[in-house]
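>>> structure for this input, please:
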Amino acid sequence: SGLNEFITYYLANSADSPNFGMFPDGWLYVKHRLDRELRDSYFLQVIARDNGSPPRNATANVRVTVMDDNDNDPRFTQESYHFSLVENLPTGTTVGTVFAVDADVGSNADLDFSVIPNNSSFIITTGHQRGVIKTKKPLDRETTARYDLVLKVSDRGTPPRTATSTLHIVVEDMNDNPPYFSHSGQYLGEVEEHQPNGTEVIRVLADDPDNGENGTITYRLVTSTPGMNGEEMFNIHPHSGLITTNAPLDREQKPTYVLSVAAVDGGTPSLERTTLVHIHVTDSNDNAPVFVNSTISIEVEEGLEAGTTIGSVHALDNDEGENGRVSYEIMQGNLYGTFGVDRNTGRIFTAKELDFELNARYRLIVQAQDNNARSQQSSTIYVNINVIDINDNAPKFRSDPVMFGLQENTAVNSTVWTFSATDVDSGRNGAVRYRIMDQLPNGNNFRIDPVTGALETTTTIDREQTSQFTLVVEATDQPVNSSHARTKTTTARILVEDVNDNTPVFVSRTETYVMEDEPVGYHVMYVIAVDDDYGDNGRVTYQIISGNQGGKFLLDPNTGLLAIERRLDRETESQYILNVTATDHGTPSRSASHLITIHVRDVNDNQPRFLQDTYMASVSENQNPGTSVIQITALDADAGTNGVLTYNIPRGVAEDRFTIEEQTGVIRTAFRLDREEKDSYVVTAYA
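Numbering: from 1, shown residues only. This is a model prediction of the structure:
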């Protein structure tokens, strides 16, 4: 009891004691982190000592076992795994085994294997530290030739720890695929005929998904089967599949070849597949179109409408396609573009209405030409076309209308004109007869020869009666069937030419009046004379022969205008009688004379004038008003009312002691006069 009972614990020094410590109360502790994978157990000696004096000791051996902690990751034995196997092996075939280790123990070291990603082609089974990889289905190299996967290993600790590695699986080929041609159907090739040996035709191409020799392809032509021959005309390159000609080909002998081509792989045993190649021998345009005849003749009536078929040509070409398709064309002889030919059928038709008169015979050269784009071949045929005349043309006058002159007084039965009409038809269809259909003015002044068309007078022609005639002349052709006759008319205008057989005749007045104060240049009148003749024969010139005293008047020789040349004065000359002539310009000329009386009318151009400047008179005084004193007289040179005078004394003159009679000029007293008042008066009177 007492201090003797207090015990203190110590670790005895040993190889393992540095890793542990001991509290005095007996608790054992570790001095640093322990690693079970380095050492999984330790052996210690513990000393128990009391506090007596002397102290007493006891010892005990302690074994410390280190329990595992999942502190280590699993580890694959290889960073990557590489396996290979042949395709098509059965499901469950082992591909390979992978190994992994984990330094932990117990469940911390129990391992599970898996493939990432989860793959439908492989499965891995877990054994002790190993995983066996097996197929889940037969593999197809042609689908997938290599698999690159990730292997995963997990321990069963809590929480689990994992590790990964790469997995590479190569699927090795087996000759399980025959070759296949890249073209799903039959091959179609073309080659032009007559090409030299070795001409390339077509290339066939096959593929084989197998590898190596299993996928190496060679080509060959298969021996022909019934209905498929001609392989001797071709070669095929065993490696490239290029088919070439073995001899020149002739399309006209054999236009099509069908070859059977086999593609064979290099596997053991080998696999093969065949395809058909149709080879069309194209045309080289080695044949020209050929007409059956070299010349054909066609007869056709004129008057056919444009577009009417009159015949056809046909040529054959043994070539094919465009080389054998024939086109037709008129090369020569198609005057005025009268005919056309259908390019495709060879039908010859009228491009215009046929006209015998325009051209009666045609010699066409029609060409047949193939449609080769590079070197066309052709041949020609002559087409003779004779156009038959019908009465389709009316006579045609040389002129319409016709205008000519005829001198008046021409003798009866004189030929004055010859009408001419032509008809381009042939034979009687072109023979012409004439007749007068109408004459204006109405009468029978002309006749016409029906055969020659000569026009003759039947009466004497007087231009002054009729200055022109209008005739309607008809020309008619003479077909056998008169109901088919055609006619044409022309209008003739006959101008009667004048002869100077008429004298001018004055139609203007013979008397006129003019005011004396009219200015120089004043138009007095127009002197007019007419002449029934025409042209110069009827053109009149005027002249004053006499009566123009003092040259007071001027007569325009062409217009007949009579005008004042110098000022007139009625008080000097009140009347002029002019002798005027009118002369035509015929040869010889004719003339007539005419008297014109010109009266000059007065104008109030003169002042009244008293006979005396001053009158002297006397009267007794004391006479009664109205006593006559004196009569004064004034004169006026003017005539008429211009010369009638009135008298007056202005108001206021002489103290209005006198009056004057307006008409007589008698001055009278207005009042009684008284001499003593005024003995004289100065009276101013006016007229």
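>>> quick one: low-confidence parts of the chain?
Regions of the chain meeting the criterion pLDDT under 70 cover residues 224-229.
>>> against His599, how distant is the closest residue to Asp602 other than its chain neighbours?
Leaving aside its chain neighbours, Asp602 sits nearest to Ala639 (4.1 Å; criterion: C-beta to C-beta, 6 or more residues apart in numbering). C-betas here are computed from N, CA, C, even on glycine. From Ala639 over to His599 the distance is 11 Å, taken as C-beta to C-beta, to the nearest Å.
>>> what residues are shared contacts of those two?
When C-beta atoms under 8 Å, 6 or more residues apart in numbering defines a contact, the residues bordering Ala639 and His599 alike are Ser574.
>>> these two: which is more packed in?
Neighbours per residue, other C-beta atoms under 10 Å: of Ala639 and His599, the larger number sits with Ala639, 17 against 12.
>>> mind checking what secondary structure Asp613 has?
Applying DSSP: H, G, I helix; E, B strand; the rest coil to Asp613 yields a three-state assignment of coil.
>>> number of nearby residues for it?
Taking other C-beta under 10 Å as the neighbour definition, Asp613 ends up with a count of 6.
>>> ok, it to Gly324 distance?
Between Asp613 and Gly324 the computed distance is 141 Å (C-beta to C-beta).
>>> how about Ser294?
Here the criterion is C-beta to C-beta. By it, Ser294 lies 21 Å from Gly324.
>>> which one's more surrounded, the two?
Regarding Ser294 and Gly324, a neighbour count based on other C-beta under 10 Å identifies Gly324 as having more, with 17 against 9.
>>> the closest residue to that one other than its chain neighbours: how many residues sit nearby?
Beyond its immediate neighbours in the sequence, the residue positioned closest to Gly324 (C-beta to C-beta, 6+ apart) is Asp317, lying 4.5 Å away. When neighbours are counted by other C-beta under 10 Å, Asp317 registers 23.
>>> how close does Asp317 sit to Ser378?
Distance from Asp317 to Ser378, counting by C-beta to C-beta: 10 Å.
>>> joint contacts of the two?
Common contact partners of Asp317 and Ser378 (C-beta under 8 Å, 6+ apart): 288-289, 368, 370.
>>> of the residues you listed, which is the nearest to Thr144?
Distance to Thr144 across the shared contacts of Asp317 and Ser378 (C-beta to C-beta) is lowest for Asp370, with 59.1 Å.
>>> which residues does that closest one contact?
Contacts of Asp370 were listed using C-beta under 8 Å, 6+ apart, and they are 285, 288-289, 317, 319, 322-327, 376-378.
>>> phi, psi of it?
Its backbone dihedrals place Asp370 at phi -80, psi 180, with angles given as degrees, to the nearest 10.
>>> bridging residues for it?
Val326 (DSSP bridges).
>>> ok, Ile596 next?
Here Ile596 shows beta-bridge partners Leu578, assigned using DSSP bridges.
>>> cool, the one 5 residues further on as well?
The bridge-partner assignment for Arg601, based on DSSP bridges, gives Met515.
>>> what's the answer for Tyr542, then?
With DSSP bridges as the rule, Tyr542 is bridged to Ala582.
>>> list the contacts of Arg435.
Going by C-beta under 8 Å, 6+ apart, Arg435 touches 448, 450, 473-474, 476.
>>> so which of those residues would you say is closest to Arg493?
Proximity of the contacts of Arg435 to Arg493, judged by C-beta to C-beta, is greatest for Val473, which lies at 11.6 Å.
>>> distance of that closest one relative to Val66?
Using C-beta to C-beta, one gets 156 Å for the distance from Val473 to Val66.
>>> distance of the nearest residue to Arg363 once chain neighbours are set aside from Asp286?
With C-beta to C-beta, 6+ apart as the measure, Gly333 is the residue that lies nearest to Arg363, at 4.7 Å, once sequence neighbours are left out. With the distance defined as C-beta to C-beta, Gly333 ends up 30 Å from Asp286.
>>> show me what contacts Asn51?
With C-beta under 8 Å, 6+ apart as the criterion, the residues that contact Asn51 are 3-4, 6-8.
>>> switch the cut-off to 7 Å
Counting by C-beta atoms under 7 Å, 6 or more residues apart in numbering, Asn51 touches 3-4, 6.
>>> export the residues you listed to a markdown table and append columns for secondary structure and neighbour count.
Formatted as a markdown table, the entries for the contacts of Asn51 read as follows, by DSSP: H, G, I helix; E, B strand; the rest coil; neighbours: other C-beta atoms under 10 Å:
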| residue | secondary structure | neighbour count |
| --- | --- | --- |
| Leu3 | helix | 10 |
| Asn4 | helix | 12 |
| Phe6 | coil | 11 |
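>>> okay, those residues in JSON lines with distance to Thr126 next?
Output for the contacts of Asn51, formatted as JSON lines (distance: C-beta to C-beta, whole Å):
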{"residue": "Leu3", "distance to Thr126": "64"}
{"residue": "Asn4", "distance to Thr126": "63"}
{"residue": "Phe6", "distance to Thr126": "59"}
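>>> before we move on, the earlier item: looking at Gly333 and Asp286, which one has more neighbours?
Between Gly333 and Asp286, Gly333 has the larger neighbour count (other C-beta under 10 Å), namely 17 against 14.
>>> would you agree that one is in contact with Leu364?
Yes: judged on C-beta atoms under 7 Å, Gly333 makes contact with Leu364 at a distance of 4.4 Å.
>>> and the strand or helix carrying Ile124, what does it pack onto?
Under the criterion of DSSP states H and E, Ile124 resides in strand 122-127. Packing partners of strand 122-127 (3 or more C-beta pairs under 7 Å, 6 or more residues apart in numbering; DSSP states H and E): strand 111-116, strand 130-135.
>>> parallel or antiparallel, list what pairs with the helix or strand that the last one is followed by.
This points to strand 130-135. Next along the chain after strand 130-135, taking DSSP H and E as the criterion, comes strand 146-155. The sheet places strand 146-155 alongside strand 111-116 (antiparallel), strand 162-172 (antiparallel), with pairing taken from DSSP bridges.
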